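A.B. asks: Please find the sequence and the predicted model below.
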Amino acid sequence: MIRRTFIFAAVLSWASLGWGDGWQRLVILHTNDIHGHLPAEEAWWINPNFPPPIGNAPGAASVIKEERAQASSNGWGLLLLEGGDIFQGTPTGEFSKGMAVIDYMNAMGYDAMVVGNHDFDKGQVVLQDLIQRARFPVLCANIVDSATGTIPDYFKPYVIVERAGLRIGIFGLGLPSLRGVVKPEDLKGLDIRPVVQTARWTVDTLRAQGADLVIGLDHIGYYGDKVLADSVPGIDVIVGAHSHSGLRQAYEDPANHTIIVQTFGNLSTIGRLELNIDPGTKQIVGYRSELRELFTEDVPKDTATAAAVKRWTDQAEAGFDSVIGYSSSDLARVGGGKESALGDLIADAIREASGADFAFQNSGGIRADIRKGEVTFRDLYQVDPFGNTIVTMDLTGPQVMRLLETSVLGFHGIFQVSGLKMVYDNRKPIWSRVTEATVDGKSLDLDKTYKIATNDFLAAGGGYYKIFQEGANRDDTYKQVRQAMVDYFRKHSPLDVRIEGRIKEIGGGRASR
């Protein structure tokens, strides 16, 4: 049942409606992709030279408490929701195995969250421990047990809550491409169902159970949000995640009038969506949305939250600011199909640590740049927050060529390489784009078997990377890529890494698939 057919006109006529007069009011506060960013930090992405300080969890806590007080005094309903990927990305999140973030969310009184792909990064046991600690439901309707086809008991497909006289159904959807971004062993025994099909079933179920409003809480990215809104009638609001697509104004789907919101992630902002609802029809007749900035000059830090975060952070970050080396130049990542100086360094560190002939690092796994000057363990942690380990294996020459072809398919960024060079042409058909692969100036020997090294994410062969599953004599060294980088800096500093032409693209253009 479509609950709204005239919201756009209503939004344009708040004044004539008398904003708030006689309507039921619901405020939805939302965060997504916290990635462990509880401690206050500097917004280097705004101005790398003079980054403004932001409050993160202590700042968000002040906003949440202020909003709760206002809602309570006015008799409004209030929801606090999170879009997943809560802990992986900072020492505080990773080394507490997410417990620091769950404790924060418990203290803030979150009503629900949906599971994100990075919430699986430490395996299902750790995820289940987090869910058990949470005092709110963790939602996901499209991840099921492979054997039974039922939703695992630690997830709930949906919940119905009551706020200000409204029955509100909230359902969760996980990333449909989980198998491409999560290690296969971390998804063992689980299947992922299609998003649109699952959403239709869930919306119908919630409406049948008397939900006045339906909220989709998902971790499928902004593009997926828009497809979902256009494909499934009856969703009033989608609180999105995964793509970090900060929407300073909500997007309204023109077909079904679903309202979509999402923040930039990392607790740099907190979203606020305010709904006016006709008490008779339970239809939304107007809305306002905003992203609340958490700059410390505008938002005070909540002292209790700051103290709790500091206790977790002090435990997690002992020794993080010790200098381990020096870089004579800025080391930057680059997206797409290009070689990067930082990618060269990481691949070289992996190869040196493993004694392999070749090393490969996925560009998408490089999450920060390194600036010229002293390099600390914290800097390297930000480059590699996932704690991936180095895995070695043997591949034949033809298998190495197929690995290089996989690299230039256009998924998740090209592989950064060490020990060889390659030339590719995106104009050619897939599986025949690598026109040249050389080792020490000579063509790759197709009759030879090579020892290669990579991170355990790629080695697991998830998604489009099944070639790695073919490797013989596989060995997980259990040495972290991050530690290999530490060792490399300590041995070779000061480093002056320059792009060497290991990866060359001819022809230009976007890769077709």
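C.D. replies: Arrived safely, thanks for sending. Numbering: from 1, shown residues only.

A.B. asks: For the closest residue in space to residue 323 that isn't next to it in sequence, name its beta-bridge partners.
C.D. replies: Excluding the flanking residues, the one nearest residue 323 by C-beta to C-beta, 6 or more residues apart in numbering is residue 374, at 4.7 Å. For every residue, glycine as well, the C-beta is placed using N, CA and C. Taking DSSP bridges as the rule, residue 374 bridges to residue 326.

A.B. asks: check contacts around residue 374.
C.D. replies: The contact partners of residue 374, taken as C-beta atoms under 8 Å, 6 or more residues apart in numbering, are 323, 325-326.

A.B. asks: Just name the closest of those to residue 224, please.
C.D. replies: residue 325 (40.6 Å; C-beta to C-beta).

A.B. asks: From residue 427, how far off is that closest one?
C.D. replies: Taking C-beta to C-beta, to the nearest Å as the measure, residue 325 falls 41 Å from residue 427.

A.B. asks: which helices and strands sit right next to the longest helix that the chain contains?
C.D. replies: Ordering each helix of the chain by length in residues (DSSP state H) puts helix 56-74 first. Secondary-structure packing of helix 56-74 (3 or more C-beta pairs under 8 Å, 6 or more residues apart in numbering; DSSP states H and E): strand 24-31, strand 77-82, helix 99-108, strand 269-277, helix 303-316.

A.B. asks: With respect to residue 338, which of these lies nearest?
C.D. replies: So among the helices and strands packed on helix 56-74, strand 269-277 is nearest, using C-beta to C-beta, at 30.5 Å.

A.B. asks: neighbouring strands for that closest one, and are they parallel or not?
C.D. replies: Applying DSSP bridges, strand 269-277 is found paired with strand 24-31 (antiparallel), strand 284-293 (antiparallel).

A.B. asks: any idea which of those strands is most buried?
C.D. replies: strand 24-31 (a mean of 24; mean count of other C-beta atoms under 10 Å).

A.B. asks: Give the rounded mean pLDDT of stretch 400-414.
C.D. replies: Averaging pLDDT along stretch 400-414 gives 88.

A.B. asks: ok, residues contacting that stretch?
C.D. replies: For stretch 400-414, the external contacting residues (C-beta under 8 Å, 6+ apart) are 180-181, 335-339, 358, 360, 362-364, 395, 415, 420, 422, 424, 426, 430-434, 437, 444, 446, 450, 452, 463-465, 467-468, 503, 510-511, 513.

A.B. asks: Any of the residues you listed buried? List them.
C.D. replies: Among these, those classed as buried by neighbour count (16 or more other C-beta atoms under 10 Å) are 181, 337-339, 358, 360, 362-363, 395, 415, 420, 422, 424, 426, 433-434, 437, 444, 450, 452, 463, 465, 467-468, 503, 511.

A.B. asks: Among these, which lie within helices?
C.D. replies: Under the assignment DSSP H, these contribute residue 181 to helices.

A.B. asks: ok so, going back, quick one: which of the helices and strands packed on helix 56-74 is nearest residue 194?
C.D. replies: Residue 194 lies closest to strand 77-82 among those, at 23.0 Å (C-beta to C-beta).

A.B. asks: That closest one pairs with which strands, parallel or anti?
C.D. replies: Strand pairing for strand 77-82, using DSSP bridges, gives strand 24-31 (parallel), strand 112-114 (parallel).

A.B. asks: now for the next helix or strand after the shortest one, which elements pack on it?
C.D. replies: Using DSSP states H and E, the helix or strand that follows strand 112-114 towards the C-terminus is helix 123-133. Applying 3+ C-beta pairs under 8 Å, 6+ apart, we find helix 123-133 packed against helix 99-108.

A.B. asks: Pull out the buried positions in the helix it packs on.
C.D. replies: Within helix 99-108, the residues that count as buried by 16+ other C-beta under 10 Å are 99-105, 107-108.

A.B. asks: got it, and stretch 267-278?
C.D. replies: For stretch 267-278, the neighbour count (16+ other C-beta under 10 Å) marks 267-278 as buried.

A.B. asks: Same question for stretch 227-234.
C.D. replies: Those buried within stretch 227-234 under the rule 16+ other C-beta under 10 Å are 228-229, 231-234.

A.B. asks: can you list the domains in this protein?
C.D. replies: The chain is divided into the following domains under automatic domain parsing: 7-245+261-276+293-316, 323-506.

A.B. asks: pLDDT on the first one, on average?
C.D. replies: For domain 7-245+261-276+293-316, mean pLDDT rounds to 93.

A.B. asks: still on that earlier bit, the longest helix of the chain vs strand 269-277, what angle?
C.D. replies: Here helix 56-74 runs at an angle of 20 degrees relative to strand 269-277 (axes from the mean of the first three to the mean of the last three C-alpha atoms, to 10 degrees).

A.B. asks: so helix 56-74 versus helix 303-316, what angle?
C.D. replies: On the basis of the same axes, to 10 degrees, helix 56-74 is oriented at 150 degrees to helix 303-316.

A.B. asks: What angle do helix 99-108 and helix 56-74 make with each other?
C.D. replies: 20 degrees.

A.B. asks: Let's see helix 56-74 as PDB, backbone CA atoms only.
C.D. replies: Only the C-alpha atoms of helix 56-74 are listed here, as PDB (Å, rounded to 0.1, in the frame of the first residue of the first chain):
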ATOM      1  CA  ASN A  56      33.100  12.700  16.900                       C
ATOM      2  CA  ALA A  57      31.400  10.600  19.600                       C
ATOM      3  CA  PRO A  58      31.500  13.200  22.400                       C
ATOM      4  CA  GLY A  59      30.100  15.800  20.000                       C
ATOM      5  CA  ALA A  60      27.500  13.500  18.700                       C
ATOM      6  CA  ALA A  61      26.500  12.600  22.200                       C
ATOM      7  CA  SER A  62      25.800  16.300  23.000                       C
ATOM      8  CA  VAL A  63      23.600  16.600  19.900                       C
ATOM      9  CA  ILE A  64      21.700  13.300  20.800                       C
ATOM     10  CA  LYS A  65      21.100  14.400  24.400                       C
ATOM     11  CA  GLU A  66      19.900  17.800  23.200                       C
ATOM     12  CA  GLU A  67      17.500  16.300  20.700                       C
ATOM     13  CA  ARG A  68      16.200  13.800  23.300                       C
ATOM     14  CA  ALA A  69      15.500  16.600  25.700                       C
ATOM     15  CA  GLN A  70      13.700  18.700  23.100                       C
ATOM     16  CA  ALA A  71      11.600  15.700  21.800                       C
ATOM     17  CA  SER A  72      10.600  14.800  25.400                       C
ATOM     18  CA  SER A  73       9.500  18.300  26.300                       C
ATOM     19  CA  ASN A  74       7.500  18.700  23.100                       C
END
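
A.B. asks: what does it rub up against?
C.D. replies: For helix 56-74, the external contacting residues (C-beta under 8 Å, 6+ apart) are 25, 27, 29, 31, 37-41, 55, 76-78, 80, 104, 107-109, 266-268, 270, 272, 292, 294-296, 299-306, 309.
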